[in-house]
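Undergrad: Sequence and predicted structure are below.
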Amino acid sequence: MKLYRCLLLAAVFSLAGCKSDKDKQDQTPEPPAGVSVKIMTYNTYSGRKKGIDAIAEIIKSQDPDLVGLQEIESNSDDFSYDVPKALAEKTGMPYYYLAKALDLDPGDYGNLILSKYPLSQQTTYELGLAPGGPNSYMRAMGLVKTQKDGKEFYFATAHLDQLSDETNRLYQADLIHTYTKDLDKPVIITGDFNAQPTDATIKLMTQWFTLGCLNGHCGYTDPAPKPDGTIDYIMYAPIDSVSTVTYDVDYQAYSQSDHFPVVANLVIH
């Protein structure tokens, strides 16, 4: 009888242990508390490969809350219409802001922010050339304030110098810090930084911003269709104000531009 009871108790505890293990396997991690936002960054190559409609379809397929686009050309000889307005209509993202970097002849060239939510404090900041640095063309950063579900935050998109000499990029990275360091809400910055994760520019940026990618693996973003480098990023600050849930490069978009878009699901605390 004593042996029977021992065997019975052993069986009960064994089943309880198995049930507990299964429960652990079935449980999914609790998402961090806060407001979820889906962010996208995309260097569009001005839509020169397959047109603006193709760029819009890539954005729609990801359905972001906000997207930062670089190399947008509008009302020019090649794109003789209001491209920001057209992209807003085609993507169903009604709020937009063009941060102009250059005057074309005719037209405008710069970075575009598209948003599902109303924008305020729209500002364009010049990202000029370093004194005594190599000659190149003017860059810009667009910065806006928005909110989702009552949570306010800033969103920015930038495009840094492309020369192999990092002098201008380092100067522009320092300007970005100057323009954002006193903001009183979380800031998410997107863009083509023309720098690899091990380059001095990204090392400088990450003194102030946290890379959105998980475990340091940001994924190759350039050039399309066969990427071998990472130069497009989503970052945020302060470090404890935002968490990354997912961070991915959209490798399905291999023919619409010379870059791949980056998409991240973030939580703003």
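TA: Perfect, I can see it now. Numbers count the residues shown, from 1 in each chain.
Undergrad: When you work out contacts or count neighbours from here on, use the C-alpha atoms and nothing else.
TA: Fine.
Undergrad: which stretches of this structure have low pLDDT?
TA: For the chain, the stretches flagged by pLDDT under 70 are 1-29, 31.
Undergrad: just the strands in it please.
TA: Assigned by DSSP state E, the chain shows strands spanning 35-43, 66-74, 95-103, 108-115, 120-127, 139-148, 151-159, 187-192, 210-211, 232-237, 242-249, 262-268.
Undergrad: I'd like those as a markdown table, with distance to Y220 and mean neighbour count appended.
TA: Formatted as a markdown table, these follow (distance: least, CA to CA, whole Å; neighbours: other CA atoms under 10 Å):
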| stretch | distance to Y220 | mean neighbour count |
| --- | --- | --- |
| strand 35-43 | 13 | 23 |
| strand 66-74 | 17 | 26 |
| strand 95-103 | 26 | 21 |
| strand 108-115 | 21 | 25 |
| strand 120-127 | 25 | 17 |
| strand 139-148 | 23 | 22 |
| strand 151-159 | 17 | 23 |
| strand 187-192 | 12 | 26 |
| strand 210-211 | 14 | 20 |
| strand 232-237 | 9 | 26 |
| strand 242-249 | 7 | 19 |
| strand 262-268 | 10 | 22 |
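Undergrad: Minimum distance to T178: which of those has it?
TA: Of all these, it is strand 120-127 that lies closest to T178, at 10.5 Å by CA to CA.
Undergrad: and the closest one, what other elements does it pack with?
TA: Applying 3 or more CA pairs under 8 Å, 6 or more residues apart in numbering; DSSP states H and E, one finds that strand 120-127 contacts strand 95-103, strand 139-148, helix 167-180.
Undergrad: Tabulate those (TSV), appending distance to L114.
TA: Shown next, in TSV, are the helices and strands packed on strand 120-127 (distance: least, CA to CA, whole Å):
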stretch	distance to L114
strand 95-103	4
strand 139-148	10
helix 167-180	20
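Undergrad: Out of those, which gets nearest to A54?
TA: Shortest distance between A54 and the helices and strands packed on strand 120-127, using CA to CA, is found for strand 95-103: 18.4 Å.
Undergrad: what does the closest one contact?
TA: 84-85, 88, 108-119, 122-126, 138-142 (CA atoms under 8 Å, 6 or more residues apart in numbering).
Undergrad: Ok, stretch 182-198 next?
TA: Stretch 182-198 is contacted by residues 40-43, 68-70, 152-162, 169, 180, 201-203, 229-238, 241-242, 268 when judged by CA under 8 Å, 6+ apart.
Undergrad: how long is that stretch end to end?
TA: With CA to CA, to the nearest Å as the measure, stretch 182-198 spans 27 Å from end to end.
Undergrad: So what's the gap between it and the chain middle?
TA: 8 Å (CA atoms, centre = their mean, to the nearest Å).
Undergrad: What is the burial count for Y254?
TA: A count of nearby residues for Y254, using other CA atoms under 10 Å, gives 18.
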